[in-house]
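Student: sequence below, structure please.
(chains A and B, ligands or ions: 2)
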Number of protein chains: 2
Amino acid sequence: MKRTSRDIRTANRYGVLREIIAESPTSRQELAAATGLSLATVATLVGELLDLGMLTEVGFEDSAGGRPRGLVAVNASGGALIGVDIAETYVRVELFDLALNVLARADEDMRPGESLPVQVVGHVATAVGSVVAQAGIEGARVLGVGVSVPGQVDREGGVSEYAPNWDWHDVPLLDLLSEHIAYPLYLDNPLRACAVAELWFGAARGRGDAVVVNLGTGVGAGLALGGGLHRGVSNSAGEWGHTTLVLDGRLCHCGNHGCVETYVGAPGIMLNLREMSPRSTLLHPEDQTSTINALARGVAAHDPVAIKVVRDTARYLGAGIADLVNLLNPEVVVLSSWVAATLGEPLLEEVREAVARHALKRPFAATEIVLSPIPTDPVCLGAATFALEGALSAVTQKSNRRTIPARSRTAPPA
Amino acid sequence: MKRTSRDIRTANRYGVLREIIAESPTSRQELAAATGLSLATVATLVGELLDLGMLTEVGFEDSAGGRPRGLVAVNASGGALIGVDIAETYVRVELFDLALNVLARADEDMRPGESLPVQVVGHVATAVGSVVAQAGIEGARVLGVGVSVPGQVDREGGVSEYAPNWDWHDVPLLDLLSEHIAYPLYLDNPLRACAVAELWFGAARGRGDAVVVNLGTGVGAGLALGGGLHRGVSNSAGEWGHTTLVLDGRLCHCGNHGCVETYVGAPGIMLNLREMSPRSTLLHPEDQTSTINALARGVAAHDPVAIKVVRDTARYLGAGIADLVNLLNPEVVVLSSWVAATLGEPLLEEVREAVARHALKRPFAATEIVLSPIPTDPVCLGAATFALEGALSAVTQKSNRRTIPARSRTAPPA
Ligand SMILES: [Zn+2]
Ligand SMILES: [Zn+2]
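Tutor: Numbers count the residues shown, from 1 in each chain, chains lettered A, B, ... in the order given. Ligands and ions are numbered 1, 2, ... in the order given. Got it, this is the predicted structure:
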């Protein structure tokens, strides 16, 4: 009773576009078979997307004996989407075409302490201007900008409610950004950005229940349940990093002790290394990226300390991921974000063994554990996907006009 | 794309009947307002339920100025439902009318060791025969029997895959029961029975996301997300009892160490008591029920040991429930099953304080924590609800005939 017919129509529209992006070109008949929708429903949705300029007709294929079938594909140049990944140490912005190919990228480093909202907003505005200029596209073709910021987020209000690493409280981020950026803006956090990226383009596509474990400075779990994001009652679901793994264990910045994040977030991994080998040359104090890179090189070079640190970290991770397997019984667990990408296969293998030791046998047997197959920054891709979803859900079914959602204060530049 | 139109029709049918059971008598207009469905859809669903004999027309109410509105109510005597709660130490069976009032109850004690499948099946068959005889109803009016058995369950196959307390593996329970019981049979476990009972009749009704924490010999969490049960890919979601709270802590029968269940299941609470006060007169070795009863009486009488044990147990519980709040961001957490019912308000108060200490502030502020308001055995009620759902989902929309689902090997007795 919670899903209205409007929600279902929007979800169907997402599903059809998701399938077309993955399988372009394709026919209405193939789409109906892949999505489980009726041919009539698919034809209506495809018609809407054609009218919006998001799809294009690309010819016909023979159907054995019957009439030739019309083929449709994503109209890649029908619009542009921008994804913004505000991380603890950098801002990355990518501009995508409608097939979600990266057309331009801009990075801004943020020095420690340089984390006032006005400073971060400045970096984002500069980088957004840069990607639009690099791509050489007209501003009017930008359908929207998705922004990911760590911590707890009020999507509707566009507010960063709590960003623990910077101690932000109730920062009206989209209002601040809209003073510099004239495109429609959408806010969420990296957990949900990575989850929606996997749902549309990665290991969760077509899976019933998936958990996207985000391993970075902070850690968390994006929950893609029943084919959609589970957000919870106040959009804060997924704070797996702040579940207790070691009662009375390491103090966490959230105030609790023994949180998963304190053992497997990048600073937690550095602490695992320091506790094992305080003078290790692998350790770059105050530099998470260099330390994780050094660990990855160390494992490749059979350095016993690096191997032991990855194994210990995987032991904590395995216990924490087993909790997700036992509680949620997902079809797939995806390891995402930069720590997972950097430590890669050696981490994955150790994690699989550790989960096997901790999880119940039957749910473990039903769960695949994989590295994210997304080759680019999943946070930027997911943030751009929020902008795509926003543009799609703003479409009114009866109308052919594109209805631009309502965050921008001024009209997009012509 | 995961929900078919058939799923949605079934969910709508559940929603309408749920509302009618709660608010009998009611009008189609009120039902449309309460469920968010269109008046036409409600009228169709009400028509089906009237044809099935599950509802009855009970007169008219004035509508200011307009035509009088027809009122419908549950036809309580239109059928009977049976719920079976197979627990570690007893079998309880209850027979309900269609308004889910208890008409008859039978209990069978099981001695320790008396846990072969054939022994348990015998107890269930005896008790089912007893409630039908007590209620004096014709067998043909029994729409179905829902059976709850602890552990992991294959619903479709009717198999108890793994019941840890008895070391059952792949017991074909419904096949065994169908040799004695001629009614349609439905199998699931107590976590999901308690969750569906709260969803239809308790604290989760009308809530978006709810977690039903089951505190008995075993512990677990039934997940009612988005208005329906979250089952996971192999129907084993909810094994919160086997998530790690204390890494390398107490050994659990699942093979893991430090599981939530080892600290807050009834045997875990007995161990909390024994570690604090080995010779306490509150402790009844080998008797969970008497020990938990003694603790409840002790707290009421201001016994410092009892108060301390409940506080320590609530501390573990609070950390574990905070994990659920942080990960799932539910609107309500319901404490259910016999340990929660016995320890009651004093436990609830300590748990609320402990969750507040461990959870993130914002999701905690969005979550209510309550004792189950269901006055009868929630497992029997939930199991009967599975039988009701089974009868409803077996209805083919186009037909007025009742299609009996397919577990019973012989026709129901006339
Ligand atoms: Zn924490
Ligand atoms: Zn366990």
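
Student: tell me the residues of chain A that contact ligand 1?
Tutor: Proximity of chain A to ligand 1, by CB under 5 Å from the ion, involves residues A:His242, A:Cys252, A:Cys254, A:Asn256, A:Cys259. In this view, the C-beta of every residue, glycine as well, is placed from N, C-alpha and C.

Student: which residues touch the residue nearest to the third one when sequence neighbours are not counted?
Tutor: Once flanking residues are discounted, A:Cys254 sits nearest to A:His242: 4.9 Å by CB to CB, 6 or more residues apart in numbering or on different chains. With contact set as CB atoms under 8 Å, 6 or more residues apart in numbering or on different chains, A:His242 has these partners: A:Cys252, A:Cys254, A:Asn256, A:Cys259, A:Val260, A:Glu261, B:Asn326, B:Leu360.

Student: so which of these wins on neighbours?
Tutor: A:Val260 (32 neighbours; other CB atoms under 10 Å in any protein chain shown).

Student: hmm, back to that, narrow the contacts of A:His242 to those in helices?
Tutor: A:Glu261, B:Asn326 (DSSP state H).

Student: over to the closest residue to A:Leu245 other than its chain neighbours: give its phi and psi.
Tutor: Distance criterion CB to CB, 6+ apart; nearest residue to A:Leu245, sequence neighbours excluded, is A:Val260 at 4.9 Å. Per-residue torsions, A:Val260: phi -50, psi -40 (degrees, to the nearest 10).

Student: which ones are touching A:Val260?
Tutor: A:Val219, A:Trp240, A:Gly241, A:His242, A:Thr243, A:Thr244, A:Leu245, A:Tyr316, A:Gly320.

Student: so which of those residues sit within strands?
Tutor: Residues of the contacts of A:Val260 located in strands (DSSP state E): A:Val219.

Student: narrow the contacts of A:Val260 to those in helices?
Tutor: A:Tyr316, A:Gly320.

Student: tell me the one of the contacts of A:Val260 nearest chain B?
Tutor: A:Thr243 (3.8 Å; CB to the nearest CB).

Student: number of residues surrounding the closest one?
Tutor: Residues near A:Thr243, counting by other CB under 10 Å: 30.

Student: any idea which helix or strand carries the residue nearest to the spatial centre of chain A?
Tutor: By CA atoms, centre = their mean, chain A has its centre lying nearest to A:Cys194, at 1.7 Å. Assigning secondary structure by DSSP states H and E places A:Cys194 in helix A:190-201.

Student: can you tell me if that helix touches chain B.
Tutor: No: Helix A:190-201 lies out of reach of chain B by CB under 8 Å from any CB of the partner chain, never closer than 10.8 Å.

Student: which neighbouring elements make contact with that helix?
Tutor: helix A:5-23, strand A:80-86, strand A:142-148, strand A:209-215, strand A:219-225, strand A:228-229, strand A:332-336, helix A:378-393 (3 or more CB pairs under 8 Å, 6 or more residues apart in numbering or on different chains; DSSP states H and E).

Student: let's have the ones you listed in TSV, adding mean pLDDT.
Tutor: Conversion of the helices and strands packed on helix A:190-201 to TSV gives the following (pLDDT from 0 to 100):
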stretch	mean pLDDT
helix A:5-23	80
strand A:80-86	97
strand A:142-148	96
strand A:209-215	97
strand A:219-225	96
strand A:228-229	89
strand A:332-336	97
helix A:378-393	93
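
Student: out of these, nearest to chain B?
Tutor: By CB to the nearest CB (comparing all of those), the closest turns out to be helix A:5-23, at 4.0 Å.

Student: any idea how far that closest one is from the chain center?
Tutor: 18 Å (CA atoms, centre = their mean, to the nearest Å).

Student: list the buried residues for that helix?
Tutor: For helix A:5-23, burial by neighbour count (16 or more other CB atoms under 10 Å in any protein chain shown) applies to A:9-21.

Student: including distance to B:Ala140, could the contacts of A:Val260 go into CSV?
Tutor: Shown next, in CSV, are these (distance: CB to CB, whole Å):
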residue, distance to B:Ala140
A:Val219, 57
A:Trp240, 50
A:Gly241, 56
A:His242, 55
A:Thr243, 50
A:Thr244, 53
A:Leu245, 54
A:Tyr316, 58
A:Gly320, 52
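
Student: in ChimeraX, how would I select the buried members of the contacts of A:Val260?
Tutor: In ChimeraX, a selection of the buried entries from the contacts of A:Val260 looks like this (16+ other CB under 10 Å):
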select /A:219,240,241,242,243,244,245,316,320
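
Student: which of the contacts of A:Val260 lies closest to ligand 1?
Tutor: Taking CB to the ion as the measure, ligand 1 lies nearest A:His242 of the contacts of A:Val260, at 3.6 Å.

Student: dump the residue contacts of A:Val213.
Tutor: A:Val219, A:Gly220, A:Ala221, A:Trp240, A:Ile321, A:Leu324, A:Val333, A:Val334, A:Leu335, A:Ser336, A:Ala340.

Student: coming back round to it: export the residues of chain A next to ligand 1 to TSV and tack on distance to A:Leu176 and pLDDT?
Tutor: TSV is the format used below for those (distance: CB to CB, whole Å; pLDDT from 0 to 100):
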residue	distance to A:Leu176	pLDDT
A:His242	27	97
A:Cys252	28	95
A:Cys254	25	91
A:Asn256	30	96
A:Cys259	30	98
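
Student: which one of these is nearest to B:Leu81?
Tutor: B:Leu81 has its nearest neighbour among these in A:His242, at 41.7 Å by CB to CB.

Student: against A:Ala221, how distant is the closest one?
Tutor: 11 Å (CB to CB, to the nearest Å).

Student: one more: A:Phe201?
Tutor: With CB to CB as the criterion, A:Phe201 and A:Ala221 are 19 Å apart.

Student: neighbour count winner among the two?
Tutor: A count of neighbours by other CB under 10 Å puts A:Ala221 above the other of A:Phe201 and A:Ala221, at 28 against 22.

Student: just checking, that one touches B:Asn326?
Tutor: No: when contacts are counted by CB atoms under 8 Å, A:Ala221 is not listed as touching B:Asn326 (10.1 Å).

Student: overlap in contacts of these two?
Tutor: A:Trp240.

Student: neighbours around A:Glu138, how many?
Tutor: 12.

Student: show the pLDDT at it.
Tutor: According to the prediction, A:Glu138 has pLDDT 85.

Student: which residues are contacting stretch A:330-339?
Tutor: A:190, A:194, A:198, A:202-204, A:207-216, A:265-266, A:269, A:289, A:292, A:321, A:324-325, A:347-348, A:351, A:355, A:366-372, A:374, A:378-379, B:232-233.

Student: at 7 Å what do you get?
Tutor: A:194, A:198, A:202-204, A:207-216, A:266, A:292, A:321, A:324-325, A:348, A:366-372, A:378, B:232-233 (CB atoms under 7 Å, 6 or more residues apart in numbering or on different chains).

Student: pLDDT below threshold where in chain A?
Tutor: A:1-6, A:395-414 (pLDDT under 70).

Student: in it, which residue sits nearest ligand 2?
Tutor: Counting by CB to the ion, chain A gets nearest ligand 2 through A:Leu360, at 7.6 Å.

Student: look up how far B:Asn293 lies from that residue.
Tutor: 31 Å.

Student: can you check A:Thr26 too?
Tutor: 65 Å.

Student: show me what contacts A:Tyr263?
Tutor: A:Leu245, A:Arg250, A:Asn272, A:Tyr316.

Student: now do the helix or strand containing it: distance to the chain's middle.
Tutor: According to DSSP H and E, A:Tyr263 maps onto helix A:261-264. Offset of helix A:261-264 from its chain centre (CA atoms, centre = their mean): 20 Å.

Student: next SSE after that helix?
Tutor: Using DSSP H and E, the first helix or strand after helix A:261-264 is helix A:266-276.

Student: other SSEs contacting that following helix?
Tutor: Applying 3 or more CB pairs under 7 Å, 6 or more residues apart in numbering or on different chains; DSSP states H and E, one finds that helix A:266-276 contacts helix A:261-264, helix A:288-300, helix A:304-328.

Student: most tightly packed of these?
Tutor: Mean neighbours per residue, mean count of other CB atoms under 10 Å in any protein chain shown, is largest over the helices and strands packed on helix A:266-276 for helix A:261-264, with a mean of 26.
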